[in-house]
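Colleague: Below are the sequence and a predicted model; questions follow.
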2 protein chains.
Amino acid sequence: MARDNVTSLDVARRAGVSQSAVSRVFTPGASVSQSMTDRVLAAATELGYRPNVLARTMITGKSRLIGLVIAYLDNQFYPEILEKLSTSLQQRGYHVLVFMAQQTAGNIDDVLEEIMDYQVDGIVLASVAMSSVLAERCDAAGIPVVLFNRAEQQDRFSTVTSDNFAGGRALADFLVAGGHRRIAYIAGWEGASTQRDREAGFRAGLAAHGCELFARGVGDFLTEQAAKAAREMFAGDDIPDAVFVANDHMAFAVLEVLRGELGLGVPEDVSVVGYDDVQLAGWPSFDLTTIRQPSNAMVMETVSALLAQIEEGASRPQRVKIDGPLVVRGSARRPYGWKEDGDEGV
Amino acid sequence: MARDNVTSLDVARRAGVSQSAVSRVFTPGASVSQSMTDRVLAAATELGYRPNVLARTMITGKSRLIGLVIAYLDNQFYPEILEKLSTSLQQRGYHVLVFMAQQTAGNIDDVLEEIMDYQVDGIVLASVAMSSVLAERCDAAGIPVVLFNRAEQQDRFSTVTSDNFAGGRALADFLVAGGHRRIAYIAGWEGASTQRDREAGFRAGLAAHGCELFARGVGDFLTEQAAKAAREMFAGDDIPDAVFVANDHMAFAVLEVLRGELGLGVPEDVSVVGYDDVQLAGWPSFDLTTIRQPSNAMVMETVSALLAQIEEGASRPQRVKIDGPLVVRGSARRPYGWKEDGDEGV
DNA sequence: CTGAAAGCGCTTACAG
DNA sequence: CTGAAAGCGCTTACAG
């Protein structure tokens, strides 16, 4: 319960030097002699001194804090992103302040106000959109924002996504080539650009082969909703022979319904494909054909877009779109002659 | 790119009052007249003023920041905890600064130093242990620490866990009652108190029925390791008829190996039980019998233990141990006459 | 290279 | 209830 909090002044006294000297020793690039450094460091370690980051922030204006707004960690994709982003940022001397948001926006604005109260150097919005009011404020405050896995029309912000249109299209090509004719789609939350782009790409792909959507449901990126959509879609006699579910998280729920509740064979009766390639997709129980969102690359791009703005004052927003490969597994019938690839198990 | 950052002084000038008056309006409980409040608030909203939390922190010594050290978000249990903890803390006006640690300690100390640089009001260590050196420092700095899902002997800290011993024991009772006779165990990381307590309870339970462990492997709480342990354990002719895997996360990997690779029937050939009751455990594909770690209650206790120390200066550490119920599903043979319970699906 | 001094944006006694 | 002033722990011109 001691609040000892040793300050630079304590160290200065101990070392018999000025407080500014102590500060310089702990400021990379400041001009201090070796002997001064040694003396100060000795006193500092004796006392267990560490500079107060907050005090430094007040002066430099740099907190080395990055606000991360994230929601719905049930979807394995997000914990993965959080882990990688946080680790990557830590390595570069930044730290992540987390804010849980509700899935369907709404309170994002309040949450962002709170973030800004902490003088964060930058903000990552993972899978959430942002009001134009807040956009103004961030702009006004000169605080860099990167939209992760969202590419809204707000062109003042940097965005990092996979190429969702191309991914959707590749899945259509694959399903059509596999001989499917009654191809359905279970959508994510309609407000999301990822949802729209995946669907647009998928439809474009079908159209290129002279097909169109056989059925459509909406899962809102939630397992419950997706399960419900699947039940409805497969209720009658005339059921799809393939379904693209807008992300893996929902696709797992759909698989459970098709196999567990409806007793359908996958892929004998119906093929299922997803999007993301989260870890579970590779497990034998799901063995899901999907598009991989290259999370490492996406996180890397996010970090560099952010730090470019923070450290180099880069002002024009980057809009990064990363290609995601089709990962072929067992949940969808393969086109005749499709080369088998090995794949990681558990 | 504007660095407008409007300060209390700007608001004061605009409103024609003193800077202290502005400060008081934004300090809950300070004495200000209604008219002063109105005037200041008007000016503040016009200017878009919000108090700088960091400046406040420097004076009050309270950052309203909680450091969370966490590792290995692959295990669904942790994202769930992160989400709940963060949400709960946000509601009480605190925010979470995240630090990713490596599974097997090691760098925890460095990470904690970094945390303390931000003057956090408290620290939650999720599933990691802490060196006694660091313990000293936290104590010296008077900063409250709660160990979540770990109960090391460091009795100067609060701990929150489920009753791992009782849980292990309940599983032993259940398996023995189910008529299993060759009962195995796949351990988590041996350094973890959760691992030790679960195993001790399990062994005690077996012993009470005159049984002992038929086989033992080590999974280190990692899927790869657990899968490997399962392969070895089930390699010969004389295989177990039941296995308790020290957490659900590993149990899923074991299930994949038993069913997918070895073609064993679960529970016909072998029963599998886990620990945690993460969401996946309830899905039809796994349908895992397990002990529920009551995450809501555990998070609640963590928050209250922490805030008790922060806000009320409670000094004696609490050691909370919460009962976790046995959740019976289909992955293990049930004792004769066991009452069926409904259970949530996907 | 080093020290004395100003100031980051606030809160909080201290007077009135 | 309100204002002037000190001070939280630092960084950074400014002199020397």
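Modeller: Noted; the coordinates are in hand. Numbers count the residues shown, from 1 in each chain, chains lettered A, B, ... in the order given.
Colleague: part of a strand, is residue A:146?
Modeller: Yes. Per DSSP: H, G, I helix; E, B strand; the rest coil, residue A:146 lies within a strand segment.
Colleague: can you pull up the bridge partners for it?
Modeller: Taking DSSP bridges, one obtains residue A:124, residue A:158 as the residues bridged to residue A:146.
Colleague: need the contact list for it.
Modeller: If a contact means Cβ atoms under 8 Å, 6 or more residues apart in numbering or on different chains, then residue A:146 has A:122-125, A:157-160, A:302, A:305-306 as its contacts. The way it works is simple: take the backbone N, C-alpha and C, and place the C-beta from them, glycine included.
Colleague: Residue B:113 versus residue A:56, what's the distance?
Modeller: Between residue A:56 and residue B:113 the computed distance is 15 Å (Cβ to Cβ, to the nearest Å).
Colleague: Please say which of these two ends up with more neighbours.
Modeller: Applying other Cβ atoms under 10 Å in any protein chain shown to residue A:56 and residue B:113 shows that residue A:56 carries more neighbours, namely 18 against 13.
Colleague: Mind telling me what element the more buried one is part of?
Modeller: Secondary structure here is read from DSSP states H and E; on that basis residue A:56 sits in helix A:53-60.
Colleague: Tell me which two in the contacts of residue A:146 are the farthest apart.
Modeller: Of all pairs drawn from these, the widest gap by Cβ to Cβ lies between A:122 and A:159 and measures 14.1 Å.
Colleague: does whichever residue of the stretch 201-346 of chain A sits closest to DNA strand D sit in a helix or strand, and which one?
Modeller: Residue nearest to DNA strand D within the stretch 201-346 of chain A: residue A:311 (13.7 Å; Cβ to the nearest atom of the strand). Assigned by DSSP H and E, residue A:311 falls within helix A:295-312.
Colleague: Is residue A:87 part of a helix or strand, or is it coil?
Modeller: helix.
Colleague: Residue A:19: neighbouring residues, count only.
Modeller: Neighbour count for residue A:19, taken as other Cβ under 10 Å: 14.
Colleague: so how far is chain B from the residue lying closest to it once chain neighbours are set aside?
Modeller: Using Cβ to Cβ, 6 or more residues apart in numbering or on different chains and skipping residues adjacent in sequence, the residue nearest residue A:19 is residue A:12, 4.4 Å away. Per Cβ to the nearest Cβ, to the nearest Å, residue A:12 is found 19 Å from chain B.
Colleague: And residue A:119, by the same measure?
Modeller: Residue A:119 sits 5 Å away from chain B, going by Cβ to the nearest Cβ.
Colleague: check contacts around the closest residue to that residue other than its chain neighbours.
Modeller: Spatial nearest neighbour of residue A:119, excluding adjacent residues (Cβ to Cβ, 6+ apart): residue A:63 at 4.7 Å. Contacts for residue A:63 (Cβ under 8 Å, 6+ apart) come out as A:53-54, A:57, A:118-121, B:54.
Colleague: could the residues you listed be laid out in JSON lines, adding neighbour count?
Modeller: Output for those, formatted as JSON lines (neighbours: other Cβ atoms under 10 Å in any protein chain shown):
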{"residue": "A:53", "neighbour count": "19"}
{"residue": "A:54", "neighbour count": "22"}
{"residue": "A:57", "neighbour count": "22"}
{"residue": "A:118", "neighbour count": "23"}
{"residue": "A:119", "neighbour count": "21"}
{"residue": "A:120", "neighbour count": "24"}
{"residue": "A:121", "neighbour count": "21"}
{"residue": "B:54", "neighbour count": "22"}
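Colleague: Adding pLDDT and distance to residue B:324, write these out as JSON lines.
Modeller: Rendered in JSON lines, the data for these read as follows (pLDDT from 0 to 100; distance: Cβ to Cβ, whole Å):
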{"residue": "A:53", "pLDDT": "93", "distance to residue B:324": "39"}
{"residue": "A:54", "pLDDT": "92", "distance to residue B:324": "39"}
{"residue": "A:57", "pLDDT": "93", "distance to residue B:324": "42"}
{"residue": "A:118", "pLDDT": "92", "distance to residue B:324": "36"}
{"residue": "A:119", "pLDDT": "92", "distance to residue B:324": "41"}
{"residue": "A:120", "pLDDT": "94", "distance to residue B:324": "38"}
{"residue": "A:121", "pLDDT": "94", "distance to residue B:324": "41"}
{"residue": "B:54", "pLDDT": "92", "distance to residue B:324": "40"}
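Colleague: first to last residue in stretch A:265-278, what's the distance?
Modeller: Stretch A:265-278 has an end-to-end distance of 23 Å (criterion: Cα to Cα, to the nearest Å).
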